[in-house]
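Engineer: Sharing a model that was predicted from the sequence below.
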Amino acid sequence: MEPESPTSSLPSTSSGTGAGTGRILFNRYELGRLLGRGGSAKVYLARDLQSNSHVALKVFSKATKSPAAVAVREISLMSKLRHKHVLRLIEVLASRSKIYLVLELARGGELFTRVESRGKLPEETARKYLRQLISALRYCHSRGVFHRDLKPENILLDENGDLKIADFGLGSLSGLTHSDGLFHTVCGTPAYVAPEVLAQKGYEASKVDVWSCGVILFVLCAGYLPFNHPNLMTMYRKIYRAEFRLPKWISPELRSLICKMLDPNPQTRITLEGTDGITSHPWFLSGIVDTQWTAEMRSHEDMFKLEDKLEEKRVLNAFDIISFSACDLSRIFDPAMSVRERFFTAEPAESVLTRVEEAVEGEGMVLMSSREKGSEGIRIEGQNGNFIANVEARCVRDGLSIVEVVKGDGSRERLFWKEKLGPALNRSV
Ligand code: AMP
């Protein structure tokens with residue numbers, strides 16, 4: 001899968017984006033080399049031609065399984081988060097067949113590579129990473145966002161060696177639980193997955209993230225996985241029983257923390273914070289005075305509040321695709337699925353709606369215009385008040401609008417669509 005339209009070629013490049021294609025996407029990003037690939041997307045280095053800075057471009061395409069669902073989940077979660085140790089989503093772009101996430105570039109690569117190359121990390125270094133990880137998770141959980149697939153491959157490092165949590169493709173929001181208040185989706189990577197997820201009886205996502213952090217902490221300090229076996233069933237059994245062997249060099253304090261994080265019983269497993277939580281554990285606190293930690297946390301939180309305020313004032317951008325499309329972009333890839341249809345167009349939203357008005361004129365129908373939250377819409381009714389169609393359009397960015405049409409499914413409405421509305425919108429279906 002290669003990123004495709006809308007592109008144009010770059011005459012000559014001294015971009016420093018590595019051995020890339022040199023193609024320009026959306027007149028804005030020069031595509032560089034492949035940085036990595038995940039389950040549902042490829043990630044490329046790219047140069048922002050406006051600011052001349054580098055970013056990472058995560059490309060979800062139609063060729064992958066449920067790309068829209070994964071992309072939408074990732075976008076909707078990441079757009080809620082602004083934290084020093086969470087990879088920042090800068091912008092979302094889309095062509096007819098692909099969704100592009102423009103992400104902050106993590107120049108230091110995967111934390112995993114660092115462990116691999118060094119075998120194991122000194123406790124002091126592992127502590128630094130754990131603190132940054134926990135600081136990010138406290139923030140995410142406080143915003144109702146859970147990662148559910150934490151592992152060293154999803155933890156990236158910036159140019160200063162500071163940690164950034166990435167890949168929220170399996171993440172979840174609080175409130176999306178079953179009636180028992182628990183999550184039931186089995187997800188995550190086997191070696192990092194908590195026993196209650198494997199048991200499929202429902203779980204609390206915050207506790208699952210703590211378990212995965214325990215596995216990560218173990219890997220950082222030991223240099224190998226706590227639960228690993230070629231036979232998956234044997235590995236699961238080890239996870240259920242929390243059967244792991246810590247190497248001799250691990251200090252007693254660290255040993256105690258890992259055992260509390262890898263407690264197979266989620267009810268007794270250590271929590272992130274609180275007097276008995278990770279942030280109060282002696283190993284975690286070693287070397288810092290409590291006030292230093294709280295002050296650092298407070299300054300981060302104040303900064304985020306300020307940034308949130310600035311964000312609110314920002315001109316609408318493509319994050320609004322998400323709210324506009326009610327967290328379901330899948331129909332962009334398969335418009336035939338229902339009478340609700342969404343599509344992107346290069347035309348400005350106003351001119352799409354003008355053409356709709358022109359198509360309806362003289363047809364003896366009632367037109368009602370609405371304008372809300374940056375989107376404009378037209379509701380079309382027959383003279384007896386029967387619903388014919390609703391067309392909403394929103395500008396996503398310069399040169400890109402998203403249009404949503406809900407059409408009535410009766411024979412009269414279908415005929416109106418076929419003869420008038422469809423051609424006006426350049427849609428034949
Ligand atoms: P993901 O699908 O998000 O897990 O990304 C797949 C791989 O691409 C990661 O494991 C990283 O090696 C790389 N990658 C993803 N996002 C970035 C980024 N923002 N900066 C640098 N590399 C990245």
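Structural biologist: Cool, got the structure.

Engineer: Go ahead and confirm D48 touches A56.
Structural biologist: No - checked against C-beta atoms under 8 Å, the pair D48 and A56 is beyond contact range at 11.0 Å. C-beta here means a position set from N, CA and C on the backbone, and glycine is covered the same way.

Engineer: and the helix or strand harbouring L57, anywhere near the ligand?
Structural biologist: Remark: L57 resides in strand 53-61, with elements defined by DSSP states H and E. Yes - using C-beta under 6 Å from any ligand atom, strand 53-61 reaches the ligand at 56, 58.

Engineer: Now do that strand: which elements does it pack against?
Structural biologist: Strand 53-61 sits against strand 29-37, strand 41-48, helix 67-78, strand 98-104, with contacts defined as 3 or more C-beta pairs under 8 Å, 6 or more residues apart in numbering; DSSP states H and E.

Engineer: Identify the contacts common to D48 and A56.
Structural biologist: The contact sets of D48 and A56 overlap at V102 (C-beta atoms under 8 Å, 6 or more residues apart in numbering).

Engineer: of these two, who's got more company?
Structural biologist: A56 (22 against 17; other C-beta atoms under 10 Å).

Engineer: burial measure for the nearest residue to that one once chain neighbours are set aside, as a count.
Structural biologist: Sequence neighbours aside, L103 is the residue nearest to A56 in space, at 4.4 Å (criterion: C-beta to C-beta, 6 or more residues apart in numbering). For L103, the tally of surrounding residues (other C-beta under 10 Å) stands at 23.

Engineer: how far away is L103 from the ligand?
Structural biologist: 4 Å (C-beta to the nearest ligand atom, to the nearest Å).

Engineer: For that residue, which residues are in contact?
Structural biologist: Counted by C-beta under 8 Å, 6+ apart, L103 has contacts 43, 55-58, 87-90, 166.

Engineer: What pLDDT does the model give whichever residue of the chain sits closest to the ligand?
Structural biologist: Nearest residue of the chain to the ligand: G38, at 2.0 Å (C-beta to the nearest ligand atom). We have a pLDDT of 79 for G38.

Engineer: Check the secondary structure at the closest residue to it other than its chain neighbours for me.
Structural biologist: Distances taken as C-beta to C-beta, 6+ apart place D167 nearest to G38, at 6.0 Å, with adjacent residues excluded. Here D167 takes the coil state, with states given by DSSP: H, G, I helix; E, B strand; the rest coil.

Engineer: I'd say S53 and R47 touch.
Structural biologist: Yes - between S53 and R47 there is a contact at 7.4 Å, judged by C-beta under 8 Å.

Engineer: These two: which is more packed in?
Structural biologist: Shown here are S53 and R47; by other C-beta under 10 Å, R47 has more neighbours (24 against 12).

Engineer: low-confidence ranges in the stretch 1-150 of the chain?
Structural biologist: 1-21, 62-69, 96 (pLDDT under 70).

Engineer: tell me which parts of it are close to the ligand?
Structural biologist: 35-38, 41, 43, 56, 58, 87, 103-106, 110.

Engineer: how about those, which pair is most distant?
Structural biologist: R37 and E104 (18.4 Å; C-beta to C-beta).

Engineer: Give me the more crowded residue out of the two.
Structural biologist: More neighbours surround E104 than the other of R37 and E104, with 18 against 14 (other C-beta under 10 Å).

Engineer: Specify the beta-bridge partners of that one.
Structural biologist: Here E104 sits in beta bridges with V55, going by DSSP bridges.

Engineer: how about it, what does it touch?
Structural biologist: Residues counted as contacts of E104 (C-beta under 8 Å, 6+ apart) are 55-56, 87-90, 164.

Engineer: where does A136 land in three-state SS?
Structural biologist: A136 is classified as helix under three-state DSSP.

Engineer: Give me the neighbour count for it.
Structural biologist: 23.

Engineer: Isn't it up against R88?
Structural biologist: No - the criterion here is C-beta under 8 Å, and A136 misses it with R88 at 11.7 Å.

Engineer: Quick check: the gap between K151 and S142.
Structural biologist: As judged by C-beta to C-beta, to the nearest Å, K151 and S142 stand 22 Å apart.

Engineer: circling back to that earlier point, can you tell me which of the contacts of L103 comes closest to N386?
Structural biologist: L89 (42.1 Å).

Engineer: what's around the closest one, how many residues?
Structural biologist: 21.

Engineer: Next: A389.
Structural biologist: 21.

Engineer: For my notes, confirm it occurs in a strand.
Structural biologist: Yes - remark: A389 belongs to a strand, assigned using three-state DSSP.

Engineer: what's the residue closest to the geometric middle of the chain?
Structural biologist: E74 (2.0 Å; C-alpha atoms, centre = their mean).

Engineer: list the helices and strands the helix or strand where L130 lies packs on?
Structural biologist: Using DSSP H and E, L130 sits in helix 123-142. Helix 123-142 is packed against strand 163-165, helix 205-222, helix 282-285, helix 290-313, with contacts defined by 3+ C-beta pairs under 8 Å, 6+ apart.

Engineer: on that earlier part again, include distance to T354 when you put the residues of the stretch 1-150 of the chain next to the ligand into CSV, please.
Structural biologist: Output for those, formatted as CSV (distance: C-beta to C-beta, whole Å):
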residue, distance to T354
L35, 43
G36, 44
R37, 43
G38, 42
A41, 36
V43, 39
A56, 38
K58, 35
L87, 40
L103, 36
E104, 38
L105, 41
A106, 44
E110, 50
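
Engineer: From these, list just the buried residues.
Structural biologist: 35, 38, 41, 43, 56, 58, 87, 103-106, 110 (16 or more other C-beta atoms under 10 Å).

Engineer: okay, K151 and S142: which has more neighbours?
Structural biologist: When K151 is set against S142 and neighbours are counted by other C-beta under 10 Å, the residue ahead is K151, at 21 against 11.

Engineer: if I read this right, the more buried one contacts P190, doesn't it?
Structural biologist: No - contact between K151 and P190 fails when scored by C-beta under 8 Å: they sit 10.2 Å apart.
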